[in-house]
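[1] Need coordinates for the below:
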Amino acid sequence: MKKKILIIEDEAHLQDVFKEIFESEGYEYVFAYDGETGIKMAENESPDFIILDLILPKKDGFEVLQELKNNPKTSKIPMAVLSNLEGSHDVERVLSLGVSNYFIKSHYTPQEISEKIKKIMGE
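    Residues are numbered from 1 along each chain as shown. Sure, this is the predicted structure:
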């Protein structure tokens, strides 16, 4: 059974890149373009992993993260934050909300992020 990854990201170009990578690696994937939709999809799609941007329309990634971690249906889904925010306050805030993986977009290629996510998922 294919593992499903939910990508909550509003940058269309980045979504296209991840689509290509995850498709070639045999993953199922779903996208959400904003925080509200991301929360609904996490509840309804039961993904095996979530990639979450912090700067999103409707609800920012911090709000999404908090809601997902407080919801018994989604609280155990492993997540990685992928953001351009690299201030220590932002990183600490994400880590305090229970996410152990924080990737700064400009520091990694999408392929490197994909490899790290595969390791996190135990593949």
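
[2] For the one helix or strand in the chain whose mean pLDDT sits lowest, buried residues please.
    Within the chain, no helix or strand scores below helix 88-96, which has a mean of 81 by mean pLDDT, DSSP states H and E. Of all the residues in helix 88-96, those buried under the rule 16 or more other CB atoms under 10 Å are 90-91, 93-94. All C-beta spots, glycine's among them, are computed from the backbone N, C-alpha and C.

[3] Going along the chain, name the strands of this protein.
    Assigned by DSSP state E, the strands in the chain fall at 4-8, 28-32, 49-52, 79-83, 101-104.

[4] What's the local residue count around the closest residue in space to Phe103 that isn't next to it in sequence?
    Here the nearest residue to Phe103 in space, its sequence neighbours aside, is Leu82; by CB to CB, 6 or more residues apart in numbering that works out to 4.8 Å. Leu82 has 25 neighbours, counted by other CB atoms under 10 Å.

[5] What score does Glu123 have for pLDDT?
    Glu123 carries a pLDDT score of 68 in this model.

[6] er, Val17 actually
    Val17 carries a pLDDT value of 87.

[7] residues contacting it?
    Val17 makes contacts with Pro110, as judged by CB atoms under 8 Å, 6 or more residues apart in numbering.
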